[in-house]
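>>> The sequence and its predicted three-dimensional model are supplied below.
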Amino acid sequence: MQRLSTGNPRLDQILCGGLVADAITLIVGPPGTGKTILAEQCLFANVTVERPGLYLSTVSEPFDKLLRFGQGLSFFDNELVGRSVFYDDLGDAVHEGGLDAVSERIDSLIKQHRPGIIVIDSFKALRTFAQSDAEFRRFLHDLAGMLSAIAVSSLWVGEYEHDEATNSPEFAVADAVIGVETKRASERSTRFLSVRKLRGSDFLSGDHVYRITPDGLVVFPRLADRRETGGPTAVAERRSTGIAALDECLEDGYWSGSTTLIAGPSGSAKTLMGLHFVYAGAALGEKSVFVTLQENRGQLARIVSRFGWSIDDPRVTVMDRSPVDIYLDELIYEVLDQVEAVGARRLVLDSLNDLVAATPDPMRLREFLYSLVQRCAHHGINAMLTYETMELFRITRLSELGMSHIADNVILLQHVQHGSEMKRALTVLKARGSKKSTAIREFQISSGGIELGGPLDLSALTT
């Protein structure tokens, strides 16, 4: 089945190869969700001089306005306008002669330009000019027949609400329906794209986050991987934690491809544990990616320099992102792209709490975490994720993200009171496939980083 690119590789991935050619695609959603941008993006991605594109405005936006705003987009090529992209207005035709005049005008433009792709924006606006439902259905039938007869791909853009699919004949005529919308949760607004219909083809289900950028719609497919059963597998070897005494507790470090959850309260050295891990890898010649949502690069550089490491070490890639305006989907794809680009064998994500705040849907977050763990395990990449617990002393529970059970290793850091002093303690709660030490061990932070001591005397601790 022939496909048309949408102009965005990841959206093509969602559609399992792109839009079906010579079909009718509805692009629907409320105003301001990027429908027109997506339609123009598809248009410019597919036109040639031999098979040009035809963009027809109706009674929503005049085509001179479409041209003016379109010129600010990177894919909009002024040299193609008038050669392989033609804009026209159906407004006069529909006002003067109704839907019959629209059909005649479209037929005339098709014979004149012989296009390979046609956009009608807004298609929904044409319904207003029908004298009855019967007349509009006849218009739809005749138009669909005309477009099918000449084997042209068409995009119909409209401000349809989600529930209009059940009573609008356009949705029955269309071969594909792509919905775009904005959902608000607390102070955050997130844009979602979904494929609601695609005849003759599979597609990736669910809501996929997108951003509107100068390059058009950039889409991030919902990360919901199935369990990997074939292909690359992790090598059965150990990787150092960066702390010699902790390696001993874990039978010489983490298994290759394993995921570790570092949980503990504020100030318990979770970030430092992650830094030990990546710089231990750097000492062995392994590439790492350290993602921080807590500190900016300058703040992290000061922390790193205290322990004799360098923020500019070429074997450690630091990605600092603000937690204020992040999309979980976008961040994860950035991280996966960076891991692949540098060939990283170690990944630290600091911290999960910021991802929780950025993701109103807990099920979506769990799917992403599971998928991230699966991908890392499949490619032999060791992942480490930090999580800040609410309790400062006597921690009684870990995260409620469903993360602790899918992590291979769980390291608990905590504060304990020892007389008038406060001490730091480390416990290996879980080490899948290893004989772990179950002792609660004191540790200190020196110029060399984390120094793990012996077991704490619990009888001397105060509650």
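In hand now; what should we look at? These numbers come from a predicted model, not from an experiment. Numbers count the residues shown, from 1 in each chain.

>>> and F76, which of the three is it?
coil (DSSP: H, G, I helix; E, B strand; the rest coil).

>>> same check, this time on the one 10 residues further on
Reducing the assignment at F86 to three states with three-state DSSP gives strand.

>>> That one against V49, yeah?
No: under the criterion of CB atoms under 8 Å, F86 is not in contact with V49, lying 11.6 Å apart. Yep, even glycine has a C-beta here, placed from its N, CA and C like the rest.

>>> which element is T386 on?
In the assignment (DSSP states H and E), T386 maps to strand 382-388.

>>> On the pLDDT front, check L398 for me.
We have a pLDDT of 65 for L398.

>>> now what about the strand holding T386, what contacts it?
For strand 382-388, the surrounding residues in contact (CB atoms under 8 Å, 6 or more residues apart in numbering) are 239, 254, 256-266, 270-271, 273-274, 277, 345-353, 369, 372-373, 376, 398-399, 401, 403, 407.

>>> Please indicate which of those are buried?
239, 254, 256-265, 270-271, 273-274, 277, 345-353, 369, 372-373, 376, 398-399, 401, 403, 407 (16 or more other CB atoms under 10 Å).

>>> Tell me which of the residues you listed fall in strands.
In strands, defined here by DSSP state E, the members of these are 239, 254, 259-264, 346-350.

>>> Look at T33 and give its secondary structure.
Taking three-state DSSP, the label given to T33 is coil.

>>> again but with I326, I slipped
Under three-state DSSP, I326 comes out as coil.

>>> my read: it touches T359, true?
No: judged on CB under 8 Å, I326 makes no contact with T359 at a distance of 9.3 Å.

>>> So what touches the longest helix along the chain?
Ranked by residue count under DSSP state H, the longest helix found in the chain is helix 91-113. Residues outside helix 91-113 that contact it (CB under 8 Å, 6+ apart) are 52, 54, 56-59, 62, 86, 88, 90, 115, 118, 126, 129-131, 135-136, 139, 142-143, 146, 150, 152.

>>> For the stretch 201-350 of the chain, give me the ranges with low pLDDT.
Scanning the stretch 201-350 of the chain with the threshold set as pLDDT under 70 gives 226-235.

>>> Where do the strands of it begin and end?
For the stretch 201-350 of the chain, the strands defined by DSSP state E, counting those that start in this stretch cover 208-213, 216-220, 238-239, 254-255, 259-264, 288-292, 316-320, 346-350.

>>> so what secondary structure elements neighbour the last one?
This means strand 346-350. For strand 346-350, the packing partners by 3 or more CB pairs under 8 Å, 6 or more residues apart in numbering; DSSP states H and E come out as helix 270-283, strand 288-292, helix 328-342, strand 382-388.

>>> what pairs with the second one, and is each one parallel or antiparallel?
Each strand that pairs with strand 288-292, with its direction, by DSSP bridges: strand 316-320 (parallel), strand 346-350 (parallel).

>>> likewise the last one?
Paired strands of strand 382-388, with direction, are strand 259-264 (parallel), strand 346-350 (parallel) (DSSP bridges).

>>> to the chain's geometric centre, what's the distance from that strand?
19 Å (CA atoms, centre = their mean, to the nearest Å).
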